[in-house]
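Colleague: Give me a model of this one.
(4 chains)
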Amino acid sequence: MSRIQYPSNIRIVRVPCSGRVNPFFIIKSLLRGWDGVVVSGCHPGDCHYVSGNLVARRRFAILQDLLNLFGIEPDRVTFMWSSASEGDRFANLIKKVTKNIKRLGPNKKFESTW
Amino acid sequence: MVIEDQNKDIEQLIRDLARKLLKEKEVDVILGYTKGTIPLTSLPIVIDKVEDVDKLIWNNLCYINLAKYLVPRIPTLMNEEGQKLKVGIVSKGCIGRALIHLSVEHQIDLENIKIIGIPCNGIINRKKIEDEIGEREIFEISVSGDNIIIKGEDLEQTLPFNEYLNDLCKTCQVKSPPSIENICVGECLENPVIEDDFSDMTEFDSKTPEEKWEYIKNLLDTCTRCYACREVCPMCYCNLCFVDQNQPVWFGKTTAYSDIFTFHLIRAMHMAGRCVGCGACSSVCPMGIDLNLINRSLEKIAKERFNFTSGIDPEALPPMMAFDMEDDQEFMMEED
Amino acid sequence: MTEAKKELEKVKKEIVVTGNEKPQVGVYVCDCGINIAGVVSVPDLVKYAETLPDVAVAREYKFFCSDTGQNIIKEDIQSGLINRVVVAACSPRMHEPTFRLVCKEAGLNQFLFEQANIREHSTWVHMKDPEGAFEAAKDLIKMSVAKARELKPLEVKTVSIEPACLIIGGGIAGMNSALDLATEGYKVYLVERTPTIGGHMAQLDKTFPTMDCSACILTPRMVDVARNENIELLTYSEVVEVTGYVGNFEATIMKKPHYVDQEACTGCGVCVDYCPVVTGNEFDLGLATRKAIYIPFPQAVPGKYTIDMDNCIKCGICAREDVCEPDAIRYDEEPEYMKVKVGTIIIATGWDLYDPTGLKQYGYGRYPNVIDGLQMERLLSSTGPLDGKPTRPSDLKAPHSIAFLQCVGSRNFREGGNQYCSRVCCMYATKQARQYKEKHPDADVYIFYMDVRAFGKGYEEFYESAGKNYGINYIRGRIAEVSEGEDHSIIIRAEDTLLQEPMELKVDMFVLSCGLESRSDAGEVASLVRVQRSSDGFFMEAHPKLRPVDTLTEGIFIAGVAQGPKDIPDSVAQAKGAASSAATLMAKGEVEMEPFFAVVRPDRCIGCGMCVENCTYGAIELIDDRHFGKIASINQALCKGCGACSGNCRCSAIDIFGFTGEQIFSIIMGGEL
Amino acid sequence: MEQKVLKKDQIVKLYNDLVKDYNFYAPIKEKRNIIFGKITNPEDIVLNYYNSKVPPKEILFPQTDILFEYKINGKEIEIEEPKKLDEKNIIFGIRPCDAHSFILLMNFFSQGEFKDEIIMNRRENTTLIGIGCNTPKSTCFCTSIEGNPFQKEDMDIFLVDLQDKYLVEGISDKGKKLIKRLSWLTDATNADIEMAQELGKKAEEAIVTKIDLKNIDKILDPNFDHQIWKEVSEICIGCGTCSFLCPTCTCFDVIDENVPNENRGRRVRIWDTCQSCLYTLHTSGHNPRNSCIERVRNRILHKFCYYPENYGMLGCVGCGRCVQLCPANNDLRAIIEKINKIEQKKEEKVTV
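Modeller: The predicted structure is shown next:
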């Protein structure tokens, strides 16, 4: 967005709405060996699909709590709101995520690569 | 009143109510517990005759959540024409909660059920006893006064009842099923109010992610993936559990810790706001894995995030079935 | 058979893909001029793509969106070389429709196409890190190929369109859209929150650069709107809910109570004479008064009266038989709600003037003789409170000297305010200065500016003549602060940046040329109709160049300043554009919906009902299936494919076409670590 | 003298002697459970145990068994076979019932058209050093399956616990050879041998659970549709505990785990159980064993009817694990008792 630069070590998977993001996607990505997962959706109230992000927010709140319970560092999985017009914000958040994950180091807890 | 006497009273209550329901043809069968064939167990039983009522018992080893027998996946309680029987179900608090939650999720019709409410006085943690006794065979377990008496070969040991309760029972605030008009008989709770500070979780919560990871790993890594925890759980009624799904095969089924971990993590995810805290999963685990920590945490998440306790109100929607603009979102990342 | 006929036959040939055969993926990596090729090596990307599983062919071209580029893809499809298409280029927002059409025309199901966005997601955002950009582009291609291998053909679904349009906002933009659509024969519901249409333009006196009278050109249009049979004018009303989707929106409109029966009121105005309550008149920005029972201004449409209940003391005088002959007063009126079905929606909610109170250094709100540009407009207006003989507020004397300050609240990167240029202030200040000089040729008029932007037709000439023929002093410089001198005069301290020297100037009146802002409730409107706003707060267009009146929500258009600051001609042009876009959609009578809706796997569904509760659109219900018992069932006409149901389903019993579990699984497994 | 004596404090020596050439498995306590684990420190070996919770079949037939890994390079497919198949194993402390289960397992894996070479290989390389059960549990019923707590035929070397020492007897050639290698073992005295015989008798008497399995296959065969199956499955919750922890159950599932875009993957064998509803689910959606009724029936019929039919012996070793561990206390002993009470149908009815 607006060609604002952000770190090149993220890969984007397109989904229609943050509501589509099943916890499977997140866990599978970690199992696959990705060092971190980011889910980005529209701000509450601005959901293109009215309330998909609110449904998702509850799901993510629970998932985040459980990841925490199971001893996964909270910064491995990040949830954020960022609208289509907030290129700056998106870039800043991605920079922050990258910084956080670099601090954590490689994701070694999930050894499976299958 | 000492535990021993409470048990006698509860047993009497069950038998009286069961006899009455069968006699008055309010129900076709009674689902309850009878004495197990080996120590540290009880045996679920289905009776349909008044003369069998005295087989029904209550002790502190009635750990199976009988609500499980009513979910559609286990369709045995039918008459010859394949119609559902009207069932009277002996219900401690967590069975009542499970029934109510199952009705919220459209799995059972409460109209077909009579909840025989009893004031549960706690379930003994079998694992703790086994740990205590070690490699010696137990022949008999009984409750005397406020103590558990264990007898075996060259063995007689007295253990304080309260210390050997399931952790979930220690914090349980719904000992009798929540009352529903025309469905409940016996002892039920009117409009239960749950107030819980989850102080038992404080110690665990204060651990670092690394410590938690080690703790949970140590807890789960003996899992043999027999899925007894899932099968005994009244809330696990899916046709096809996520772990068994193909197209695609999301998660591995091996005993590698990643796969074990993933199964338990996602099962916990699916239990959030739904677990009724009966502890049956821990009681039945052949490897002795105690899932109470996860179950308590699920209750905590539901309560603290969404002010919801499962299986209390048949009209209330569990957190994952609803959404709210005003939910907390402190976990969402913000710019610095 | 002639060659042409043969050619035609070839084009007609349909490539049958069931989804079960081996995928043959064609990967087309676009240079996009230098946008992509300038950062990463496209030939290397092509070489890489060739190594990916099931890739039959990979090619490079300068612009695959061009005719030649499209034909390259078409030929590969038609020759049977490929049955899946991946174009690695720009955002699918940009060219997904283009390439889908390519597939369709070549006889391949259009949903067997996947776009890898290596421009917006790689070469643009990692421009300074070409190596990283190359790795990212490789992965994005790999992930797209992985998804493409799992693509299944889908059928588009068409839905009929209600030939009616809801227009929110009755200013000059909304009115023009309404008139155009109504003339074309579409039903229009024009909703305006104030008691009259006309909007801000009604407050203006003359319009630059032609100096024609705003009211003279606006009022006839207002009357046209009121008279048009196809337009249902809903003034003093607000849209409170919008449901549905393109072609089939349902809007709930609240008609606020006027407390005066609008049918019965004859607009005679006797009540106003009797009303004992005097309050500030919004229309004149508090520079004049009105009664508690009022019409906003004499030419208001409809010219019926409204009681302002916030100020009414319910004395009952206006309800007296001798005051209101038609007996139109209704103190107990309640809001009315009506539901309308429309196929399209145009948002023309306009703007708010920047409030300069926060800029303490300019004294607005503290010194009586500091006013904003819109107040100046009312002072100059012949229909204004002073009948077009402007005086200054402190002593109601005509000022001898006036200073204007430009860019108040605009182009401001430091002290709050807005970063954008409001586009109209240079011209309106010039116009106002000129108007004042016309009336008081001997007055001293100064305009403090950063630079004058006179970009429109006739604007530069207008500006030139203001200096040359009217003697208006343009001073390049920003004002540091103002203070109040004796007799409420304003002392300005500034720097003349052309002369590079500080200056002090005493004037009788100081006008702040405030910029335009998105309406304070734009956020609520955005939520209501589910469109997005850009970071400046204005509604966001689907594409800044190519789809300036569309929003990202199909069937919803934007017109006028709601989209961004613009002058009257631009607003009207955009309004007509929005009307035309809406009409284009409605003229087709039906619209193709992307078939990306939810599907239930009945063997997995256990009927817990979670999805039913999660679905905003009410698209899911539990049914009793003959074979599977109680299961969820999707109403595809209502489903928008957001996937909230699918994300929560414990049984994975709901999938979303276009974003199936298998496809996303492949993407996750596809990326290189 | 054929019989030797191993002092309990010599077990460390035994381990040290053998660990060079063998993977040494013995009972250890992992968390709260006794299991057969690969020993790295001989101090970990637990000798005061009834039996392991997870049967030692796990060593032959691991719950997760990677059959091979593969990679595709263009048109070439590289297959990497499992390693470590030729490693030699010793299972020390295996109980007679579990040793007998190895016979049952190998019946399945090595007979007939399809032979499982991986498992046959492992079995070939495994030596069983068993210990008799001086104090059987109340749930043990090996004597009802023609076995006994001191049954030594299925072992390579058989030990009897004589409190501070073990009486060591080589049974198979493999076992005898091994004993020869352990030249430091001292000879047993007559008193030791007599004491062992005494203990054997006592142990056999200590088995209190007696179930009548004499005619069970004949009763089961014609009663496939008997209403007793509804009765005995009513409280089954359908978990797989009974079969996962059964030393004789051999069902497995084969799963291919692929990394779709990397052209590599592996084939994994995991335990499966006939108690899972998915076990028999057809692609069509039809499931011939759709409820616990059919599934419980299958388990009983398999062990007590089909297995005897196929291999001439009961498919159960009487270890009692399923009795102890069933979460719903659906006691196999009670089920057999009920089956035995089924009135034998008359001949002519059976033939219909």
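
Colleague: Run through the residues that contact the residue positioned nearest the centre of chain A.
Modeller: For chain A, the residue sitting closest to the mean C-alpha position, by C-alpha atoms, centre = their mean, is residue A:38 at 1.5 Å. Residues near residue A:38 by C-beta atoms under 8 Å, 6 or more residues apart in numbering or on different chains: A:10, A:77, A:78, A:79, A:80, A:93, A:94, A:97. C-beta here means a position set from N, CA and C on the backbone, and glycine is covered the same way.

Colleague: next one: residue B:182
Modeller: Taking C-beta under 8 Å, 6+ apart, we find residue B:182 in contact with no residue.

Colleague: Could you pull up phi and psi at it?
Modeller: Taking degrees, to the nearest 10, you get phi 70, psi -10 for the backbone angles of residue B:182.

Colleague: With residue C:425 instead?
Modeller: Per-residue torsions, residue C:425: phi -70, psi -40 (degrees, to the nearest 10).

Colleague: tell me the contacts of it?
Modeller: Residue C:425 makes contact with C:373, C:406, C:407, C:408, C:410, C:513, C:514, C:515, according to C-beta under 8 Å, 6+ apart.

Colleague: Closest to residue B:98 out of those?
Modeller: Of all the contacts of residue C:425, residue B:98 sits closest to residue C:515, with 62.1 Å by C-beta to C-beta.

Colleague: pretty sure the closest one contacts residue C:428?
Modeller: No - counting by C-beta atoms under 8 Å, residue C:428 is not a contact partner of residue C:515; they are 10.6 Å apart.

Colleague: just to revisit the earlier point, check what pLDDT the residue nearest to the centre of chain A gets.
Modeller: Listed pLDDT for residue A:38 reads 96.

Colleague: can you tell me how far it sits from residue A:25?
Modeller: 11 Å (C-beta to C-beta, to the nearest Å).

Colleague: Run a quick neighbour tally on whatever residue of the stretch 101-250 of chain D ends up closest to chain B.
Modeller: Using C-beta to the nearest C-beta, the single residue of the stretch 101-250 of chain D nearest to chain B is residue D:239, 3.6 Å away. Look at residue D:239: counted by other C-beta atoms under 10 Å in any protein chain shown, it has 25 neighbours.

Colleague: my read: it touches residue B:228, true?
Modeller: Yes - counting by C-beta under 8 Å, residue B:228 is a contact partner of residue D:239 at 3.8 Å.

Colleague: overlap in contacts of these two?
Modeller: B:284, D:327.

Colleague: that older thread, return the residues in contact with the residue of the stretch 101-250 of chain D closest to chain B.
Modeller: With contact taken as C-beta under 8 Å, 6+ apart, residue D:239 is in contact with B:226, B:227, B:228, B:230, B:231, B:232, B:284, D:275, D:327.

Colleague: low-scoring pLDDT stretches of the chain, where are they?
Modeller: All of this is about chain A. For chain A, applying pLDDT under 70 flags the ranges A:1-2, A:111-114.

Colleague: Hmm, no, I was thinking of chain B.
Modeller: Chain B contains residues with pLDDT under 70 at B:73-76.

Colleague: if you set the cut-off to 80 instead, what comes out?
Modeller: B:72-82, B:153 (pLDDT under 80).

Colleague: re the thing from before, right, and out of the contacts of residue A:38, which lies closest to residue D:146?
Modeller: Nearest to residue D:146 among the contacts of residue A:38, counting by C-beta to C-beta, is residue A:77 at 57.7 Å.

Colleague: Return the distance of the closest one relative to chain D.
Modeller: Computed as C-beta to the nearest C-beta, to the nearest Å, the residue A:77 to chain D distance reads 22 Å.

Colleague: Which residue is the nearest non-sequential neighbour of that residue?
Modeller: In space, and not counting its chain neighbours, residue A:77 is closest to residue A:37: 5.0 Å by C-beta to C-beta, 6 or more residues apart in numbering or on different chains.

Colleague: How about the stretch 551-673 of chain C: which residue is closest to chain D?
Modeller: Using C-beta to the nearest C-beta, the closest approach of the stretch 551-673 of chain C to chain D is made by residue C:670 at 4.0 Å.

Colleague: mind checking how far that residue is from residue C:664?
Modeller: Distance from residue C:670 to residue C:664, counting by C-beta to C-beta: 10 Å.

Colleague: Need the per-residue pLDDT for the residue in the stretch 451-600 of chain C positioned nearest to chain A.
Modeller: Closest residue of the stretch 451-600 of chain C to chain A, C-beta to the nearest C-beta: residue C:534 (4.0 Å). Reading off the confidence values, residue C:534 has pLDDT 85.

Colleague: which residues sit in contact with it?
Modeller: A:85, C:540, C:564.

Colleague: and if we set it to 7 Å?
Modeller: A:85, C:540 (C-beta atoms under 7 Å, 6 or more residues apart in numbering or on different chains).

Colleague: so what's the backbone phi/psi at it?
Modeller: Residue torsions, per degrees, to the nearest 10, at residue C:534 are phi -80, psi 180.

Colleague: tell me which parts of the stretch 51-200 of chain C are close to chain D?
Modeller: For the stretch 51-200 of chain C, the contact set with chain D under C-beta under 7 Å from any C-beta of the partner chain comprises C:53, C:142, C:146.
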